[in-house]
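K.L.:
Fold the stuff below for me.
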Amino acid sequence: MNAGIKRLSEFNVILAAILLTFVIIVGPSLAFFGSFFDHVVAYVSQLPALSNPFGRDDENFAAGWSAFYWAWWVAWSPFVGMFIARISRGRTVREFIVAVLIIPSTVCVLWFSVFGGLGLDMYFKEGYSELFEAELPLRLFVMLDKLPLPLITSLITMVLIAIFFITSADSGALVLDSIAAGGKISTPVPQRIFWCSLSGLVAVALILGGGMSALQAMTVITGLPFTIVLLVASGSVIKGLASEPRNKVSTRPGWTR
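P.N.:
Numbers count the residues shown, from 1 in each chain. Now for the predicted structure:
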């Protein structure tokens, strides 16, 4: 917690910031920042209609994006929730909302605005049709190939993807190990290695056995039933927060909650 995952995450954030800054500098910077708020407004206004599975001729977004990713987030929620709760111990609710919800969401909107905006700009203004003709996993690299220093940016991107997967797997295995140990925080190292290796082997088996479709099906199967548990847990959080006395002085100097 204080060495491996922490240092990998910090290194990855620095790399992501470098790549994002580079793309902003060499790309159409004014268009990026000008479209940032437009993207937020468009997303909020169009998301309900796009997510509605009824009365739509085009079901691609609701079925391919919403249903799968809703199940994906739900399946990840017990691991992410417990991991964030562990590293957020001693923080106020205000700090938690800012650091876990507002700042990451803002960074994600900026990231998608920059890279998505660059891809659309290349396609519509420069007529770079190769970008959309390439296979989906390769489109980011095809886009970076049109920018300066493509070898360096592609290498940084590969390192980013690898470390993002590693830190996510580490966090999930850490929580899984804690659950299997009855909630214990400190467990034997061989036990941690076992759960981390097992989760990796299951993912490899699903991909080799049925590809991404098998992995997506497994995610939906495990995610949807857990939605009921998640709704109950959400109600419990609301009830618990409502029962907290207001203007209670925190144990941390200078903070109230």
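
K.L.:
what bits of the chain have low per-residue confidence?
P.N.:
The chain contains residues with pLDDT under 70 at 1-3, 29-34, 53-64, 66, 126, 212, 246-257.

K.L.:
Who are the packing partners of the top helix by length along the chain?
P.N.:
Ranked by residue count under DSSP state H, the longest helix found in the chain is helix 189-243. Judged by 3 or more C-beta pairs under 8 Å, 6 or more residues apart in numbering; DSSP states H and E, helix 189-243 is in contact with helix 68-87, helix 150-180. From N, CA and C alone the C-beta is placed, and that goes for glycine too.

K.L.:
what comes up buried for the shortest one?
P.N.:
By neighbour count on 16 or more other C-beta atoms under 10 Å, the buried set for helix 68-87 is A71, W72, V74, A75, W76, S77, P78, F79, V80, M82, F83.

K.L.:
quick one on the thing from earlier: report the angle between the longest helix of the chain and helix 150-180.
P.N.:
80 degrees (axes from the mean of the first three to the mean of the last three C-alpha atoms, to 10 degrees).

K.L.:
between helix 189-243 and helix 68-87, how many degrees?
P.N.:
90 degrees.

K.L.:
How much space separates I87 from A99?
P.N.:
10 Å (C-beta to C-beta, to the nearest Å).

K.L.:
can you check F115 too?
P.N.:
24 Å.

K.L.:
Next: F165.
P.N.:
Distance check for F165 against A99: by C-beta to C-beta, it reads 23 Å.

K.L.:
and of the helices and strands packed on helix 189-243, who's closest to W111?
P.N.:
With C-beta to C-beta as the measure, helix 150-180 is the member of those nearest W111 (11.2 Å).

K.L.:
what packs against the closest one?
P.N.:
Against helix 150-180 (3+ C-beta pairs under 8 Å, 6+ apart) you get helix 4-26, helix 68-87, helix 139-144, helix 189-243.

K.L.:
Output those in CSV, with distance to A49 appended to each entry.
P.N.:
Listed next are the helices and strands packed on helix 150-180 as CSV, based on distance: least, C-beta to C-beta, whole Å:
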stretch, distance to A49
helix 4-26, 30
helix 68-87, 16
helix 139-144, 26
helix 189-243, 22
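
K.L.:
tell me the most buried of those?
P.N.:
helix 139-144 (a mean of 18; mean count of other C-beta atoms under 10 Å).

K.L.:
residues in contact with that helix?
P.N.:
Identification of contacts with helix 139-144 by C-beta atoms under 8 Å, 6 or more residues apart in numbering yields F115, L118, G119, M122, E130, L131, F132, A134, P150, T153, S154, T157.

K.L.:
Would you check that the fourth one makes contact with S129?
P.N.:
In other words, M122. No: the criterion here is C-beta atoms under 8 Å, and M122 misses it with S129 at 9.5 Å.
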